[in-house]
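# what would the 3D arrangement of this be:
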Amino acid sequence: MKTRSRLPLLLSLLALCSLPSFAQTPQNINSGDAVAGEIALLRKSLQTLNTRLQAISEELLAPDKKEDDNSIEKVKRVTTSLDLLTHAEERAEVLRKQLIELIEKETAYRSRMTQFDEDLRPENIERSMAGIGGTRTAEMRDTRRRVLENDRKGIENLLSVTAQSRVRLEEDVRQADLLVTKLRQRLFPLIDKEIEKINPPD
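Numbers count the residues shown, from 1 in each chain. Just a heads-up that it's a prediction; the model follows:
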């Protein structure tokens, strides 16, 4: 919208720049040749102005103008690639967040495994039974050990599943990042080329 709002001002400036010969040429009302010459110059200036305005309009109003098939296809390819790149970047970001969460779970499971290994040491089981008297102390120690071992086995299974999922997810993230890189390498040069057409370097 900003480009369109500046278009009338730009066109006016071009009009002023393109008609100096008519304003600055000394007029001789007594000379028919001079008048004819001025008219010819004016006609030529108008033709030049129209050509320049047409070129500018095509650049500034490119999204709305009728283009040839090649240009339309090029725009479609760039638009489709941009959309694909956006979705690829979003997918890579989602996968990366999932990977971080999975790593946190795996770390927590490993920490619990370490704690179970510590709790299963005979002296620690004995210490956990301190203060509990009776004739069934040995049986209670065995029960305590079995409970810890079962809990440890459950966490070990969760850790194994989580580790396998992490490996697969790491590969998914790698592939997603690779796709994003490929899309950027193919798309950005096309965008730069189109920008140079509108704003050619000095």
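# burial count for residue 109?
Neighbourhood size, residue 109 [other CB atoms under 10 Å]: 19. Every residue, glycine included, has its C-beta placed from N, CA and C.
# now residue 102, what's its secondary structure?
Secondary structure for residue 102, judged by DSSP: H, G, I helix; E, B strand; the rest coil, is helix.
# tell me how many other residues crowd it.
Residue 102, neighbours per other CB under 10 Å, totals 18.
# that one - nearest residue in space that isn't next to it in sequence?
residue 166 (4.9 Å; CB to CB, 6 or more residues apart in numbering).
# next: residue 82.
Of all residues not flanking residue 82 in the chain, residue 187 sits nearest, at 6.7 Å (CB to CB, 6+ apart).
# I figured the one you found hits residue 86, correct?
No: counting by CB atoms under 8 Å, residue 187 sits too far from residue 86 to count as a contact (10.7 Å).
# now the helices for the chain?
2-18, 20-24, 32-60, 69-119, 122-128, 137-198 (DSSP state H).
# pLDDT of stretch 105-124, averaged?
When pLDDT is averaged over stretch 105-124, the result is 94.
# stretch 181-198 now?
Stretch 181-198 shows a mean pLDDT of 79.
# name the residues of it that are buried.
Neighbour counts over stretch 181-198 (16 or more other CB atoms under 10 Å) mark 183, 187 as buried.
# how far away is residue 94 from residue 100?
Distance, residue 94 to residue 100, by CB to CB, to the nearest Å: 11 Å.
# give the contact list for the closest residue in space to residue 109 that isn't next to it in sequence.
Once flanking residues are discounted, residue 109 sits nearest to residue 159: 4.1 Å by CB to CB, 6+ apart. Shown in contact with residue 159 (CB atoms under 8 Å, 6 or more residues apart in numbering): 106, 109-110, 113.
# and residue 174, by the same measure?
With CB under 8 Å, 6+ apart as the criterion, no residue contacts residue 174.
# let me know the pLDDT of it.
On pLDDT, residue 174 comes in at 95.
# ok, now residue 136?
Looking at residue 136, its pLDDT stands at 74.
# burial measure for it, as a count.
Residues within reach of residue 136, counting by other CB under 10 Å, total 11.
# and it, how far is that from residue 124?
Counting by CB to CB, the gap from residue 136 to residue 124 is 19 Å.
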